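Colleague: test case, fold it:
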Amino acid sequence: MKILITGIAGFIGSKVAEHFSKNGHEVVGVDDLSQGNINNIPKGVKFIKYDLSDNNVLDKLPNDCDYILHIAGQSSGEISFDDPASDLTKNTLSTLNLIKYGIAKKVKKFLFASSMSVYGDVPNQAISESYLPSPVSCYGISKLTSERYLDIFKDKLPFINLRMFNVYGPGQDLSNLRQGMVSIFLAQALKKERVHVKGSLERFRDFIYIDDVVDAWYKLCLNDSKNISINIGTGRRATVEELLLIIKKNIKGVNYFSEGSTPGDQKGIYADNTLLIKTIGRTKFTTIESGIRTLCGSINSN
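Modeller: Numbers count the residues shown, from 1 in each chain. Alright, predicted model coming up:
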């Protein structure tokens, strides 16, 4: 198959591209390099430097791709408040342009990197895809709007929305202190041995390891699923303090404190991943203890 992957220079996009390429698929990658690192792009992948919010998308991308995996975009809830219009452009206008491209080129399926942020503030229970979304960040709104556009055009372009929870793992950008809870904490722990937590230590998340995420993208692309939203999470609830204590076990001498808050931050959320398990046949996911240990080991080896 020929796979178009956007955001290929980013953390998730590069890992997904590497997996497809290793499994014999032809990969074409797109990225404007505004956030990603060109060194992340796997060898042997055709790369196009391009801003997908540009309206000339039909002239810039290949004519014969079988699938679109749209992973590019602005990915920070906090940053989305700095410039909501830019967030909308990077996340929603790019999706609209790719929908136009996908319909024109008769693409088989469009996989969209959505987010747990679409749900907003939720009860302290596993949240399923049937829960009514009510975003509390500009980022969440742009993701949900993109989902809605995909639903409108589903008869011409089948889709899957992958609502990813807190993805982490080797290859995360430790220089960005405004996106990715695990990478933010680890960067501070390594540099200062002191982690500044914005918000309550009792907040909770569903932390899912990058290899499990890549497996989900791969299987959902190539199976018969379509026109659905799927949670990409482990189904396990972990508090911020639990995460910090695991980091302390792996990086000696680290302390932490809580002060301030982040706009649009969800108090707590974790996935009901029943649909994911049913759809891709995966029942076991990397534990946060194992994942953080591997991540810290990869950082130390570098």
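Colleague: strands along the stretch 151-300 of the chain, start to end?
Modeller: Using DSSP state E, counting those that start in this stretch, the strands found in the stretch 151-300 of the chain span residues 159-164, 166-168, 194-197, 204-205, 207-209, 228-232, 238-239, 255-258.
Colleague: need those in a markdown table (columns: mean neighbour count, mean pLDDT and distance to Leu52).
Modeller: Any C-beta I mention is one placed from the backbone N, CA and C, and that applies to glycine too. A markdown table is the format used below for the strands of the stretch 151-300 of the chain (neighbours: other C-beta atoms under 10 Å; pLDDT from 0 to 100; distance: least, C-beta to C-beta, whole Å):
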| stretch | mean neighbour count | mean pLDDT | distance to Leu52 |
| --- | --- | --- | --- |
| strand 159-164 | 24 | 98 | 16 |
| strand 166-168 | 23 | 97 | 21 |
| strand 194-197 | 18 | 95 | 34 |
| strand 204-205 | 22 | 97 | 28 |
| strand 207-209 | 26 | 98 | 25 |
| strand 228-232 | 22 | 98 | 21 |
| strand 238-239 | 16 | 97 | 34 |
| strand 255-258 | 14 | 95 | 38 |
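Colleague: and these as JSON lines, adding distance to Lys105?
Modeller: Below are the strands of the stretch 151-300 of the chain laid out as JSON lines (distance: least, C-beta to C-beta, whole Å):
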{"stretch": "strand 159-164", "distance to Lys105": "15"}
{"stretch": "strand 166-168", "distance to Lys105": "29"}
{"stretch": "strand 194-197", "distance to Lys105": "46"}
{"stretch": "strand 204-205", "distance to Lys105": "37"}
{"stretch": "strand 207-209", "distance to Lys105": "31"}
{"stretch": "strand 228-232", "distance to Lys105": "22"}
{"stretch": "strand 238-239", "distance to Lys105": "41"}
{"stretch": "strand 255-258", "distance to Lys105": "49"}
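Colleague: between the ones you listed, which one is closest to Ser146.
Modeller: strand 159-164 (8.2 Å; C-beta to C-beta).
Colleague: tilt between the closest one and strand 228-232?
Modeller: 20 degrees (axes from the mean of the first three to the mean of the last three C-alpha atoms, to 10 degrees).
Colleague: what strands flank strand 159-164, and is each parallel or antiparallel?
Modeller: Looking at strand 159-164 with DSSP bridges, its partner strands are strand 109-115 (parallel), strand 228-232 (parallel).
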